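>>> The following comprises the amino acid sequence and a computationally predicted model.
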Amino acid sequence: MTTRLPLIVFAAALAAACGNGSSTATSPTTATIPAITTVTFADTLDVGGSRFYSFSNNTAGSVTAFLASVTASGNPLPLAIPLELGIGVPAGTGCATTMTQVVTPGLVTELTDSLAAGVFCLRVADAGALKAPVTFAVRFSHP
Amino acid sequence: MTSELTSRIDTCRPLAVTRVCGLARDLTAALLLAATALTVSACGDKTSTATSPTSTSTTTTTTVATPTTTEVFSGRVDVGGSAFYSFNVVENGTVNVTLAAVGGANVPSTVWLGLGIGTPTGEDCSAATTVNTAAGSAVQLTGTYAPGVYCVRVWDIGNLVAVAAFNVTIAHP
């Protein structure tokens, strides 16, 4: 009996240690959320003029933008002047827009577009309401 | 016989059955060892199964297209300023850029300017490849580019005393 007991214990220990690969705990899968970049594009805009800002989408995704403010040059008081916002592709010396929207300054999303990965541009232009140069600020986010 | 042996094993007494008892003990030990060996050999990790090595040879051939489109970028550079022009490369291929002409009042046609190829970024062109050059007929910047949007940038490198007008030709696929 004294001879068998250690062997039985040893065999039982081996059997208990005998693991099946499928029972191994696996690490949870973490979903990858594309990084979002937020940009403030601020500049001056002449009567009848336009400005554009180029950006690179690292992945496909949504681009959202709003006209945060319009002020007269040298005057911090906000103006409710509508401007045209557009999204497109840099081409030549400008931005060839594929989507445009005339918007008034506000802190809500006013322009949304789904874009592939690549280089794009956001354009701000006089929609016909400017009587003098203004300073504008546009906030937009892209992947 | 079996029941007798079992009985003897179970009652394993030290006198008359000493040899049988020892034999049974050895037999039991051997059985346990065999079972242990079987357990150990059966105790395998599925992932430890040997697999034959796989040999994969992949050869990727990238075609470099020659320029099929020529665009002319005519612009002006202020003193200390810059200008840029965006263009679209539709397939992997060669891009050739030539500063063809520079002129203007108080601007000698031999003046050197900065010339670069890059990516439109913000309100400018982020030039990754640059050269300082005078206008000429030979290609001054060339490279192979993947499909995408790129830009050519021209800027004053400190030589201008007046606004310069220029022509740049951009040949690309």
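Structure's in. What do you need?
>>> A strand includes residue A:32, no?
No: if the criterion is DSSP: H, G, I helix; E, B strand; the rest coil, then residue A:32 is coil and not within a strand.
>>> separation between it and residue A:116?
18 Å (Cβ to Cβ, to the nearest Å). C-beta: built from backbone N, CA, C; applies to glycine.
>>> Compare the two and say which one has the larger neighbour count.
Neighbour comparison, residue A:32 and residue A:116: the larger count goes to residue A:116, with 10 against 7 (by other Cβ atoms under 10 Å in any protein chain shown).
>>> And the helices in chain B?
B:2-11, B:18-42 (DSSP state H).
>>> distance of the closest residue to residue A:114 other than its chain neighbours from chain B?
Leaving aside its sequence neighbours, residue A:114 sits nearest to residue A:62 (Cβ to Cβ, 6 or more residues apart in numbering or on different chains; 5.4 Å). To chain B, residue A:62 is 20 Å away according to Cβ to the nearest Cβ, to the nearest Å.
>>> and whichever strand or helix holds residue A:62, how far from the chain's centre?
Per DSSP states H and E: residue A:62 is located in strand A:61-72. Relative to its chain's centre, strand A:61-72 lies at 13 Å (Cα atoms, centre = their mean, to the nearest Å).
>>> Contact partners for residue B:140?
B:97, B:98, B:99, B:115, B:131, B:133 (Cβ atoms under 8 Å, 6 or more residues apart in numbering or on different chains).
>>> Test for you: state the pLDDT assigned to the residue lying closest to residue B:162 once chain neighbours are set aside.
Residue nearest to residue B:162 in three dimensions, not counting chain neighbours: residue B:106, with 4.0 Å by Cβ to Cβ, 6+ apart. We have a pLDDT of 96 for residue B:106.
>>> Look at residue B:106 and say how many residues are nearby.
Neighbours of residue B:106 using other Cβ under 10 Å come to 10.
>>> Could you do residue A:49 as well?
Residue A:49 has 12 nearby residues by other Cβ under 10 Å.
>>> quick one: pLDDT of the nearest residue to it once chain neighbours are set aside?
With sequence-adjacent residues excluded and distances taken as Cβ to Cβ, 6+ apart, residue A:49 is closest to residue A:126, at 5.8 Å. Looking at residue A:126, its pLDDT stands at 98.
>>> thought residue A:126 was touching residue A:48?
Yes: Residue A:126 lies in contact with residue A:48 (Cβ atoms under 8 Å); the separation is 5.3 Å.
>>> Who has more neighbours out of these two?
residue A:126 (19 against 9).
>>> quick one: contacts for the more buried one?
Contact analysis of residue A:126 by Cβ under 8 Å, 6+ apart lists A:45, A:46, A:47, A:48, A:49, A:50, A:83, A:84.
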